[in-house]
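> Sequence first, then the predicted structure:
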Amino acid sequence: MATLPTTKSTSASTPTSTHNPTLQRLNQTILQIDPYILPPYPNLSLVSGALDPPLLTLTLSKLLAQQATLYSSSECLVIPWTGARWTYQHLWEASNLLARGLLKYGVRPRDRVGIMAGNCEKYVAVFFACARVGAICVTLNNTYTDVEVENALKYTKCRILFTTPTIGSYNNAPLIARLQTPSTKASLPDLQTVCLIRGDVPGFVTYDHVMDEAQTIPEQILDIFDGIISPYDVVNLQFTSGSTGNPKAAMLTHHNLINNSSFIGDRMLLTPEDTLCCPPPLFHCFGLTLGLLASLTHGGKVVYPAESFDPAACMRAISDEGCTALHGVPAMMESILDVPRPTGWTSDLRTGIVAGSPVPRWLMERMVNELGITDFTSSYGLTEASPTVFNAHTTDSLHARLTTVGTVLPHARVKIVDDQDRVVPIGVRGELCVSGYQVCRGYWENSAKTAEVLVRDESGELWLHTGDEAVLDVDGYCTITGRFKDIIIRGGENIYPLEIEERLVQHPSITRAIVVGVSHPRYVEVPAAFLLHDPGTPKPDLEEVKSWVRKVLGRHKAPVQILWLGEDCSDHVPLTGSGKIKKFVLKEVAEGLKGR
């Protein structure tokens with residue numbers, strides 16, 4: 001077990017008396033089954049992760065080169081819907097060739113390369129090609145509207161965009177058309193090239209054409225970048241909110257992603273013999289870090305069953321590919337379980353991660369009984385933490401995996417603080433803060449928002465304030481008890497009420513909008529809107545309101561319930577003493593009026 005830290009907490013609530021070393025050694029001995037480090041003061045909610053294994057210090061391209069040497073002919077990536085079966089060597093060669101293609105099209109270190117596409121082998125090649133030449137891969141949410149994509153491209157100044165005419169059942173034609181208009185071209189002066197991963201549209205280049213052009217760039221030129229790129233360079237921008245208001249794109253480094261994914265795989269006990277079925281999207285940290293990179297760091301194989309989530313395709317992949325692990329948010333797991341088993345279907349599943357929202361016991365029992373996932377793990381993270389902070393062990397008790405998000409990962413530090421930023425006693429709720437290697441470099445070109453969440457304490461240690469309410473128990477297990485922010489988590493996807501509210505009040509008949517989350521049997525939480533009608537104008541119905549929102553925002557952000565202030569409910573909006581809306585009160589009102 002790693003050595004206990006000897007420095008005292010700098011928190012204002014830290015006791016001045018010397019801690020009891022005998023008690024601490026006893027506690028440490030008792031908890032040897034779970035290798036995390038107890039805090040210097042065991043009664044405080046301040047915990048550090050183990051110092052073993054050591055952190056890796058390499059870039060993503062170095063990691064892939066290493067794995068291609070160790071597991072050259074082993075399958076790394078399987079995409080049933082395209083028929084691709086790539087070995088580690090194939091991925092290394094394909095991403096290197098595409099990296100030369102990026103150079104041909106003018107991409108240089110720190111340039112941004114956007115991608116909006118479904119889960120496929122070419123998406124992975126784009127990601128590693130960016131890493132090879134020091135570019136930053138901007139992973140765009142596939143639910144973005146054409147307006148949101150344009151805003152994101154403008155905000156990040158992408159030089160190239162990789163996309164497709166369709167993404168699963170989603171028609172991407174509005175974006176394709178928008179990118180061809182003179183006004184959009186004028187608003188995106190940095191966007192020099194649009195590359196279609198699939199399909200062919202006049203005015204855009206194709207993926208195959210870029211690969212052909214790559215042949216004109218000498219292969220040895222890539223070696224130059226090995227001496228230029230640092231593990232601490234930003235390699236990925238992941239958006240944490242909609243881009244129509246104040247976009248936030250977390251800057252994630254090679255060091256962030258490699259180490260976090262490695263520790264995740266360790267918690268799952270992944271080996272080169274494992275095959276992970278990963279339906280979450282690659283644009284999300286779940287699909288990219290917990291899926292692709294967790295598997296790759298352990299020499300395993302990852303299967304992306306479909307372009308976008310398809311429960312039947314997942315069920316087929318589990319059997320056809322002999323998958324031993326399965327990832328998903330609870331809504332995905334329920335959908336997969338509800339799909340009829342194909343003839344001859346079998347399951348070798350043993351583990352996986354269920355995250356994004358709380359997992360009800362009945363769902364977990366179905367996963368164990370019907371899929372055989374006896375060693376599932378629960379997890380908590382956020383994009384800004386690369387993403388995982390806590391993860392259960394496969395050996396943790398069923399109760400711990402159902403009621404907590406596990407213990408802190410190695411080399412991370414967490415604390416629970418009150419509203420005065422003082423560390424609270426164990427068992428007391430407060431805001432969860434994170435420190436360590438996995439904390440992002442901040443938000444892209446948004447110093448104000450960065451300063452809000454990344455705060456140094458008196459000793460100079462940088463802490464990420466998550467905005468989530470949590471509690472630690474005496475064994476270091478964490479339970480997420482609520483959110484200080486008003487984020488709505490719909491099936492594992494974060495929805496920010498403010499951007500919906502701003503869109504709603506643009507409607508000529510709506511003068512005020514307040515959006516809250518209400519419970520949903522499948523997605524756990526969905527948006528509901530309290531609206532104030534402008535007298536003298538036609539009052540829109542629910543479908544018109546949904547359509548209005550979806551013209552600018554993603555379809556999943558449209559409210560499923562609307563309540564007219566002064567008609568469906570009181571026109572009195574409950575406020576705190578400081579004038580802030582008591583959204584928890586409105587949430588209760590909306591819950592009480594559901595179905596009426």
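Arrived safely, thanks for sending.
> Which of the three states applies to the residue of the chain most remote from its centre?
Here the centre of the chain is the reference, and by C-alpha atoms, centre = their mean the most remote residue is residue 536, at 44.0 Å. Recorded secondary structure, residue 536: coil (DSSP: H, G, I helix; E, B strand; the rest coil).
> Can you tell me how far it is from residue 507?
Computed with C-beta to C-beta, to the nearest Å, the distance linking residue 536 and residue 507 is 14 Å. No exception for glycine: its C-beta is placed from N, CA and C like everyone else's.
> Same question for residue 331.
The value you get for residue 331 to residue 507, if C-beta to C-beta is used, is 29 Å.
> The two: which has the busier surroundings?
Set side by side, residue 331 and residue 507 show more neighbours around residue 331, with 21 against 17, by other C-beta atoms under 10 Å.
> quick one, what contacts the residue lying closest to that one once chain neighbours are set aside?
Excluding the flanking residues, the one nearest residue 331 by C-beta to C-beta, 6 or more residues apart in numbering is residue 491, at 3.9 Å. Residue 491 makes contact with 329-332, 356-357, 522-524, 556, according to C-beta atoms under 8 Å, 6 or more residues apart in numbering.
> in which helix or strand would I find residue 415?
Residue 415 belongs to strand 412-417 when assigned by DSSP states H and E.
> quick one: low-confidence ranges for the stretch 301-450 of the chain?
In the prediction, the stretch 301-450 of the chain carries no residues with pLDDT under 70.
> ranges for the strands of it?
301-303, 325-326, 351-354, 375-381, 388-391, 407-408, 412-417, 430-436 (DSSP state E, counting those that start in this stretch).
> can you redo the ones you listed as CSV with mean neighbour count?
Rendered in CSV, the data for the strands of the stretch 301-450 of the chain read as follows (neighbours: other C-beta atoms under 10 Å):
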stretch, mean neighbour count
strand 301-303, 27
strand 325-326, 30
strand 351-354, 25
strand 375-381, 24
strand 388-391, 29
strand 407-408, 26
strand 412-417, 24
strand 430-436, 23
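> Relative to residue 575, tell me which of the ones you listed wins on proximity.
Residue 575 lies closest, by C-beta to C-beta, to one member of those: strand 430-436, at 22.6 Å.
> So which elements touch that closest one?
Counting contacts by 3 or more C-beta pairs under 8 Å, 6 or more residues apart in numbering; DSSP states H and E, strand 430-436 packs against strand 412-417, strand 462-472.
> now the ones you listed as JSON lines including distance to residue 369?
JSON lines is the format used below for those (distance: least, C-beta to C-beta, whole Å):
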{"stretch": "strand 412-417", "distance to residue 369": "34"}
{"stretch": "strand 462-472", "distance to residue 369": "30"}
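> and residue 346, which of those strands is closest to it?
In terms of C-beta to C-beta, the element of the helices and strands packed on strand 430-436 nearest to residue 346 is strand 412-417, at 37.7 Å.
> Show me how far the closest one is from its chain's centre.
20 Å (C-alpha atoms, centre = their mean, to the nearest Å).
> How is residue 563 assigned, secondary-structure-wise?
strand.
> What's the local residue count around it?
For residue 563, the count of nearby residues is 20 (other C-beta under 10 Å).
> thought it was touching residue 589?
Yes: assessed by C-beta atoms under 8 Å, residue 563 is found in contact with residue 589 at 7.3 Å.
> Which neighbours do these two have in common?
Jointly contacting residue 563 and residue 589 under the rule C-beta under 8 Å, 6+ apart are 530, 569.
> buried residues in the biggest helix by length in the chain?
If you go by DSSP state H, the chain has its longest helix at helix 88-104. Across helix 88-104, burial judged by 16 or more other C-beta atoms under 10 Å covers 88-92, 94-103.
> Just give me how far it sits from the chain centre.
On C-alpha atoms, centre = their mean, the centre of helix 88-104 falls 25 Å from the chain's centre.
> Which secondary structure elements does that helix sit against?
Using 3+ C-beta pairs under 8 Å, 6+ apart: helix 88-104 touches helix 60-70, strand 75-79, helix 121-132, helix 207-214.
> Of all the ones you listed, which one is nearest residue 293?
Checking the helices and strands packed on helix 88-104 against residue 293 by C-beta to C-beta gives helix 60-70 as the closest, at 8.2 Å.
> Tell me the helices and strands packed up against that closest one.
The contact analysis (3+ C-beta pairs under 8 Å, 6+ apart) places helix 60-70 against helix 88-104, helix 121-132, helix 223-226, helix 254-268, helix 294-296.
> domains of the protein?
Following automatic domain parsing, one finds the domains of the chain at 34-52+408-485, 89-254, 488-593.
> Relative to residue 379, which of those domains is closest?
Proximity to residue 379 (C-beta to C-beta) singles out domain 34-52+408-485 among the domains of the chain, at 9.7 Å.
> before we move on, back to that, can I get the domains of the chain in JSON lines with distance to residue 402?
JSON lines is the format used below for those (distance: least, C-beta to C-beta, whole Å):
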{"stretch": "domain 34-52+408-485", "distance to residue 402": "11"}
{"stretch": "domain 89-254", "distance to residue 402": "27"}
{"stretch": "domain 488-593", "distance to residue 402": "15"}
